[in-house]
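Student: I would like to see how this sequence folds:
(chains A and B)
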Amino acid sequence: MSSDVVVPYVDPERRLRRQRRGRRNSLVASASTILFFGVATAVITSTAGWPVVQEAFFSPEYFALAWPSVLEALLINVKIFVAAEVFILILGMLLALTRLSKAPALMPLRIVGTVYTDVFRGTPTLLVVLLLGFGVPALNLQGVPTDPLVWGTVALVLSYTAYVAEVFRSGIASIHPSQRAAARSLGLTGLQTNRYVVLPQAVRRVIPPLLNDFVSLQKDTALVSVLGPIEALRAAQIIVYGKFNYTPYIVAALLFIALTIPLARFTDWLTARQERERSMGTR
Amino acid sequence: MASDLLRVEGVHKAFGDNAVLRGMTLSVARHEVVVLIGASGSGKSTLLRCVNGLEAVDAGDIGVGDLDVTADDANLDQLRRSVGMVFQSFNLFPHMSVLGNITLAPRKALGLSTAEAEARARELLARFGLDAKADEYPDRLSGGQQQRVAIVRALAMQPELMLFDEVTSALDPELVGEVLDVIRDLGQSGMTILMATHEMGFAREVAHRIAFLDAGKVLEVGPPEQVLGDPQEPRTREFLARVLG
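Tutor: Model prediction:
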């Protein structure tokens, strides 16, 4: 029976040779790594320009000065990101479903969807941010918000919805038609088939590319800085312009990187959990 | 016969220029097991898919019970609730457990409560020796187990007619038996069955009638001993000589 534990047999001498080779390999890897970075550091820091570079980009003094205000301003980036993300997911899914639908009555919406995707994937995001952020408030329309933060976020939503819709669309298209046939053959309606069979599989499949887009969105919240709101990049820029030192940009860069890492680890965790659930056969 | 559960009359179906069904006529009475045999491309799968409304016919009529499948306003969702179909490639939903696969349609299409649907599912799983697999995911099951779950999934809708489309063709030889056992059991319990298969031994044993399909038509139909033992058509003899060696 399968309860018997079978110990795989490995030739003892072969095992010894493998172990020896393994030890030698890790020794070589460590040595070459230390050597490479040691030499690189020595070369860079010994060049004539290094003190100037260090002072302009990596000044501890300006680092300490910029850190609190840039960190505080990052909260605005987080807010933009979270608000935009919710709308992007909903609108992206609706757009994908509309473009994939075959209902004759939805023809005009399909045309709008196709044109929308072409326009917003082809237009630089910065351009959309400038156009909406400065353009719409300038219209002085009754009841329309004039906060550049709002319009900057709307611009990001418009731009990223086009990308995310395409990600969803490719995920839905990747589900084999036999899954749909099986669902329909059981008497499920087209809507039920989408809701319970096609979309759950499609969404799982596109989570990695989707989160990739969201990492990109987290960085692109900095584009809103051109409209004036003091988010992280803008906060850094203010100090840079006042002090003629670029260390605050490095601070902002580090904070943006720190912001994306949790999302990346979350993706790994989610993927691993799905894999484990499936292989253990439990719910 | 008006009392036939399934009536197929003069059905034509083409995919582009490829005419697959060319005047197919066949009927299946209640509690009858009819087996379709014939070479690849003779129209077995297409016929089954048309009966289930997965493919729209170009000409002719198909009726199941009181339902005209080929009518323009046919309620195919209603039809499919009473016609179960099992595919060559299992087609279980990989993101759901065995229990989830089986209870989905009874809950959503028939409106059963989760408790009712699960009770029905567990009863069927037990009947076919799969009770231990209720919480497994499809990719943890052997091909034979997956196909038996697919059969249970279709049965959970309590269909009047079951369609089997070469359900053992994708299985390793040693797993074919367990799936055929399930179908044999169903046939003996009075289920109306229309199945396409290459398993001649099984067809001879279980079928009430065998239909030999050739070029989109039923060339010859009758009891197994007649069609397999004393075929009237040269094409049938040719085919049998090939598959029986």
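
Student: Not counting its neighbours along the chain, what's nearest residue A:92?
Tutor: Counting by Cβ to Cβ, 6 or more residues apart in numbering or on different chains, residue A:92 lies nearest to residue A:164, which is 3.4 Å off, once chain neighbours are set aside. Every residue, glycine included, has its C-beta placed from N, CA and C.

Student: Tell me who's in contact with the one you found.
Tutor: Shown in contact with residue A:164 (Cβ atoms under 8 Å, 6 or more residues apart in numbering or on different chains): A:88, A:89, A:92, A:210, A:213.

Student: quick one: average confidence on stretch B:8-22?
Tutor: Averaged over stretch B:8-22, pLDDT sits at 95.

Student: Count the neighbours of the closest residue to residue A:78 other than its chain neighbours for me.
Tutor: Nearest non-adjacent residue to residue A:78, counting by Cβ to Cβ, 6+ apart: residue A:259, 7.3 Å away. Residue A:259: 18 surrounding residues under other Cβ atoms under 10 Å in any protein chain shown.

Student: what do you get for residue B:177?
Tutor: 14.

Student: which outside residues touch the helix or strand in which residue A:204 is found?
Tutor: Residue A:204 is part of helix A:199-220 when elements are defined by DSSP states H and E. With contacts defined as Cβ under 8 Å, 6+ apart, helix A:199-220 is touched by A:77, A:81, A:84-85, A:88, A:125, A:156, A:159-160, A:163-164, A:167-168, A:170-172, A:174-175, A:179, A:256, A:259-260, A:263-264, A:266-267, A:270-271, A:274, B:93-95.

Student: buried ones in that helix?
Tutor: A:199-203, A:205-206, A:209-215, A:217-220 (16 or more other Cβ atoms under 10 Å in any protein chain shown).

Student: Next: stretch B:145-155.
Tutor: Neighbour-count burial for stretch B:145-155 flags B:145, B:146, B:147, B:148, B:149, B:150, B:151, B:152, B:153, B:154, B:155 (criterion: 16+ other Cβ under 10 Å).

Student: Dump the residues you listed to JSON lines, plus pLDDT, distance to residue B:195 and secondary structure.
Tutor: Formatted as JSON lines, these follow (pLDDT from 0 to 100; distance: Cβ to Cβ, whole Å; DSSP: H, G, I helix; E, B strand; the rest coil):
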{"residue": "B:145", "pLDDT": "95", "distance to residue B:195": "20", "secondary structure": "helix"}
{"residue": "B:146", "pLDDT": "96", "distance to residue B:195": "18", "secondary structure": "helix"}
{"residue": "B:147", "pLDDT": "95", "distance to residue B:195": "13", "secondary structure": "helix"}
{"residue": "B:148", "pLDDT": "96", "distance to residue B:195": "15", "secondary structure": "helix"}
{"residue": "B:149", "pLDDT": "97", "distance to residue B:195": "18", "secondary structure": "helix"}
{"residue": "B:150", "pLDDT": "97", "distance to residue B:195": "14", "secondary structure": "helix"}
{"residue": "B:151", "pLDDT": "96", "distance to residue B:195": "11", "secondary structure": "helix"}
{"residue": "B:152", "pLDDT": "97", "distance to residue B:195": "16", "secondary structure": "helix"}
{"residue": "B:153", "pLDDT": "97", "distance to residue B:195": "17", "secondary structure": "helix"}
{"residue": "B:154", "pLDDT": "97", "distance to residue B:195": "12", "secondary structure": "helix"}
{"residue": "B:155", "pLDDT": "96", "distance to residue B:195": "14", "secondary structure": "helix"}
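
Student: the longest helix in chain A is where?
Tutor: Longest helix in chain A, counting residues (DSSP state H): helix A:60-100.

Student: Quick one: list the elements packing against the helix or strand following it.
Tutor: Using DSSP H and E, the helix or strand that follows helix A:60-100 in sequence is helix A:107-122. Counting contacts by 3 or more Cβ pairs under 8 Å, 6 or more residues apart in numbering or on different chains; DSSP states H and E, helix A:107-122 packs against helix A:60-100, helix A:148-173.

Student: which outside residues touch helix A:107-122?
Tutor: Against helix A:107-122 from outside (Cβ under 8 Å, 6+ apart): A:95, A:98, A:99, A:101, A:128, A:158, A:159, A:161, A:162, A:163, A:165, A:166.

Student: So which bits of it are buried?
Tutor: Buried, per 16+ other Cβ under 10 Å, within helix A:107-122: A:109, A:113, A:116, A:117, A:120.

Student: Count residues in the vicinity of the nearest residue to the last one once chain neighbours are set aside, would you?
Tutor: Translated: residue A:120. Nearest residue to residue A:120 in three dimensions, chain neighbours excluded: residue A:162, at 3.9 Å (Cβ to Cβ, 6+ apart). Counted with other Cβ under 10 Å, the neighbours of residue A:162 add up to 22.

Student: Name all residues that make contact with residue A:162.
Tutor: So residue A:162 contacts A:95, A:116, A:117, A:119, A:120, A:121 (Cβ under 8 Å, 6+ apart).

Student: One more: residue B:30?
Tutor: Applying Cβ under 8 Å, 6+ apart, the residues near residue B:30 are B:3, B:4, B:5, B:160, B:192.

Student: Is it possible to get CSV of those that adds secondary structure, distance to chain A and pLDDT?
Tutor: Formatted as CSV, the contacts of residue B:30 follow (DSSP: H, G, I helix; E, B strand; the rest coil; distance: Cβ to the nearest Cβ, whole Å; pLDDT from 0 to 100):
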residue, secondary structure, distance to chain A, pLDDT
B:3, coil, 24, 75
B:4, coil, 21, 91
B:5, coil, 17, 95
B:160, coil, 12, 95
B:192, strand, 16, 97
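
Student: Compare the residues you listed and tell me which is most surrounded.
Tutor: residue B:192 (23 neighbours).

Student: What's the per-residue pLDDT of the closest residue to it other than its chain neighbours here?
Tutor: Computed as Cβ to Cβ, 6+ apart, the closest residue to residue B:192 that is not its neighbour in sequence is residue B:161, at 4.8 Å. Looking at residue B:161, its pLDDT reads 96.

Student: low-scoring stretches of chain B, by residue?
Tutor: Along chain B, segments meeting pLDDT under 70 span B:1-2.

Student: Do a quick rundown of the strands in it.
Tutor: Under the criterion DSSP state E, chain B contains strands at B:6-15, B:18-28, B:33-37, B:59-64, B:67-68, B:83-86, B:161-165, B:192-196, B:209-214, B:217-222.

Student: Can you give the strand pairings for the shortest one, parallel or anti for each?
Tutor: What that stands for is strand B:67-68. strand B:59-64 (antiparallel) (DSSP bridges).

Student: quick check: angle from the strand it pairs with to strand B:18-28?
Tutor: On the basis of axes from the mean of the first three to the mean of the last three Cα atoms, to 10 degrees, strand B:59-64 is oriented at 40 degrees to strand B:18-28.

Student: pull the CA atoms of strand B:59-64 into PDB?
Tutor: The C-alpha coordinates for strand B:59-64 follow below in PDB (Å, rounded to 0.1, in the frame of the first residue of the first chain):
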ATOM      1  CA  ALA B  59     -32.300  21.500 -41.400                       C
ATOM      2  CA  GLY B  60     -34.600  18.900 -39.900                       C
ATOM      3  CA  ASP B  61     -36.200  18.400 -36.500                       C
ATOM      4  CA  ILE B  62     -35.100  17.200 -33.100                       C
ATOM      5  CA  GLY B  63     -37.600  16.600 -30.300                       C
ATOM      6  CA  VAL B  64     -37.000  15.600 -26.700                       C
END
